[in-house]
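In: Quick one, fold the following:
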Amino acid sequence: MVRIVARPCRLIPAAFSIACLIALPSRLDAQTAPAITGTAFDEAGAVLPGARVTVADRDGRVVRTTVTDGTGAFAIETLRPGTYTVAVELALYATATQSVTVPARGVAPPVRAVLEGGGFSESVVVSARRVETRVAETPQKVEIIDGADIDRTVATDLTDVLKKAAGVDVIQYNGVLSGIGIRGFRPQFSGINKRSLLLIDGRPSGVTNLATLQVDSVERIEVLKGAASSVYGSSAMGGVVNVITRQSRGKLTGTARLGGGSFATSELSGRVGGSASSRVDFDLGGNAFDQRDDYRMGNGEVRPATSYKTYDGSARVGVNLGAWRLEARGNGYRGRDIMTPGDLFTGVSSQGRKNLERSSQDARLTGLVGGHALSVTGYHADESSHTFNVTTTNPLDQPYLPYLSFESDLGWAGLQLRDAWSWSDQNNVVVGFDYEKVTSVSRSYLRTGDRSAPFSADNNKRTAGFYGENTLRLRDGRMVVTLGGRVDHI
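Out: Residues are numbered from 1 along each chain as shown. All right, here's what the predicted structure looks like:
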């Protein structure tokens, strides 16, 4: 019996605690092919699912990878006889390694991995640079907003969290409309040519109005400040915000929340997630928010036309396929009867109402082949808005009020291919290909319902880009040199 104990590194702020470790089924017939098996536990003896397990040969080449299942077990089968290094890692904990000898006949002794609880670790890992990287090895400034920070922040959407916890430039308007800017680039809440890139689990979000992105299904947020165009293109000149959604494993858990507040506000939300079997895990969540009355300003006056209601839901399912893993996600948002009050100096003569819809879907296949960490991601997203005039100063409009005045539709579809390879102890390289198609369509209407010329022309953009970046670690990792580049055809 081999015992591994992983001890977290020295604590630092702005991180979060995650249980991790290594694991394996404890029994295997002696007549089966050579294998490494085991089970992971915490200090209390509870199993630990979801830890990533990597097996490398004597030359350091990765030969197999997997994750512990819902029972805390893992199995690396069909190995050749020899000595291997088993590494178990998870964000916020130091990597646990152990040398295991696989005999020519039978199996190696089962590994019992025990993870000692700690807290925040210096080995915080982020994925905002296309591949999991320690914060200390990232050339840009990276801020991590963990789940505890999000829960402590009084926020209704992503913009509220970022402005209070990440120090980015923000622009917000009444009527569910907001955007951000990083490193001097002006905040943007519309358009398809961004300067601060928003990602969801590493792929383009398909979100221009950040007020429509709720945080109920978010596990953490990585904010990379500084140019990242060498791996993401021109949209990342200011920086990158990578929203990491929940990936629940192990015992099924859930939460529910019912609340009420001023201005006849009510909110209902809930989520559930965990392992449905040893190979399948999932997350489900939803939120409904309704503010039925107009709010009162600091001077005691009621601000007319400020009520609104929103609905949000998300789903994720992951399947372990041996050395490969398949994940699919979906998210939807609906905003209904969102009132817009107009400028203060116009009084009540420029009020409007709008309905918003947004949805996104993606599927990702990841795996390890001969030491190459491969990833294929396909995604689709769309965003729509419908704006109505409710009041006006033009007496000719009165018989038609309220009437539809403007509509817009945005659509994204794309594919990401990525290969990450540690080709020596000091070097790792990531190369990949991105393809994205974005379309933008807008329609303007007269009060009679007839179409009029829109104030922005319909447009679309197709982008194909190849990128590559090598990271060299010197002086035991105390010095890191990165060299990368990207070529886009737009």
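In: What's the local residue count around Thr156?
Out: 16 (other C-beta atoms under 10 Å). From N, CA and C alone the C-beta is placed, and that goes for glycine too.
In: again with Ser235
Out: 19.
In: and if you look at Asp283?
Out: A count of nearby residues for Asp283, using other C-beta under 10 Å, gives 22.
In: Can you point out the helix or strand that includes it?
Out: strand 280-291 (DSSP states H and E).
In: and for that strand, what are the contacting residues?
Out: 70, 156, 214, 216-217, 245-249, 263-276, 306-320 (C-beta atoms under 8 Å, 6 or more residues apart in numbering).
In: so the residue nearest to Trp423 when sequence neighbours are not counted bridges to which residues?
Out: Nearest non-adjacent residue to Trp423, counting by C-beta to C-beta, 6 or more residues apart in numbering: Val429, 6.3 Å away. As for beta bridges, Val429 partners with Trp421, Asn470 under DSSP bridges.
In: So Val429 sits against Asn470, correct?
Out: Yes: shown here, Val429 and Asn470 form a contact pair, counting by C-beta atoms under 8 Å, at 4.5 Å.
In: Could you please name the strands the helix or strand just after the strand holding Asp283 pairs with and the direction of each pair?
Out: Using DSSP H and E, the next helix or strand after strand 280-291 towards the C-terminus is strand 308-321. Paired strands of strand 308-321, with direction, are strand 280-291 (antiparallel), strand 324-340 (antiparallel) (DSSP bridges).
In: Filter the contacts of strand 280-291 down to the buried ones.
Out: Neighbour-count burial (16 or more other C-beta atoms under 10 Å) applied to the contacts of strand 280-291 gives 70, 156, 214, 216-217, 245-249, 267, 269, 271, 273-275, 306-308, 310-316, 318-320.
In: Next, Ala211: secondary structure please.
Out: helix (DSSP: H, G, I helix; E, B strand; the rest coil).
In: again, but for Ser360
Out: Criterion first, three-state DSSP; result for Ser360: strand.
In: Could you do Ser375 as well?
Out: Applying three-state DSSP: Ser375 is strand.
In: tell me what the helix or strand containing Ala87 is packed against?
Out: Per DSSP H and E: Ala87 is located in strand 82-89. Packed against strand 82-89 by the contact rule (3 or more C-beta pairs under 8 Å, 6 or more residues apart in numbering; DSSP states H and E) you find strand 2-6, strand 36-42, strand 52-56, strand 96-102.
In: rerun that using 6 Å as the cut-off
Out: strand 52-56, strand 96-102 (3 or more C-beta pairs under 6 Å, 6 or more residues apart in numbering; DSSP states H and E).
In: I'd like to know the average pLDDT value across the shortest one.
Out: When pLDDT is averaged along strand 52-56, the result is 79.
In: Go ahead and report the secondary structure state at Leu258.
Out: Classified using three-state DSSP, Leu258 is strand.
In: Please name the bridge partners of Leu197.
Out: Under the criterion used (DSSP bridges), Leu197 bridges to Val240.
In: Run through the protein and note the low-pLDDT ranges.
Out: 1-33, 43, 90-95, 106-107, 116-126, 128, 477 (pLDDT under 70).
In: how near is Tyr445 to Asp283?
Out: 40 Å (C-beta to C-beta, to the nearest Å).
In: Equivalent analysis for Ala256, please.
Out: 15 Å.
In: Does Leu415 have any beta-bridge partners, and if so which?
Out: Gly378, Tyr435.
In: okay, now it: neighbour count?
Out: 15.
In: repeat for Leu410
Out: Per other C-beta under 10 Å, the neighbour tally for Leu410 reads 22.
In: re earlier: quick check: which of the helices and strands packed on strand 82-89 is buried the most?
Out: strand 52-56 (a mean of 21; mean count of other C-beta atoms under 10 Å).
In: Return the list of helices and strands in contact with the helix or strand that comes right after it.
Out: For strand 52-56, the following helix or strand on the C-terminal side (DSSP H and E) is strand 62-67. Helices and strands touching strand 62-67, by 3+ C-beta pairs under 6 Å, 6+ apart, are strand 52-56.
In: The strand it packs on pairs with which strands?
Out: strand 62-67 (antiparallel), strand 82-89 (antiparallel).
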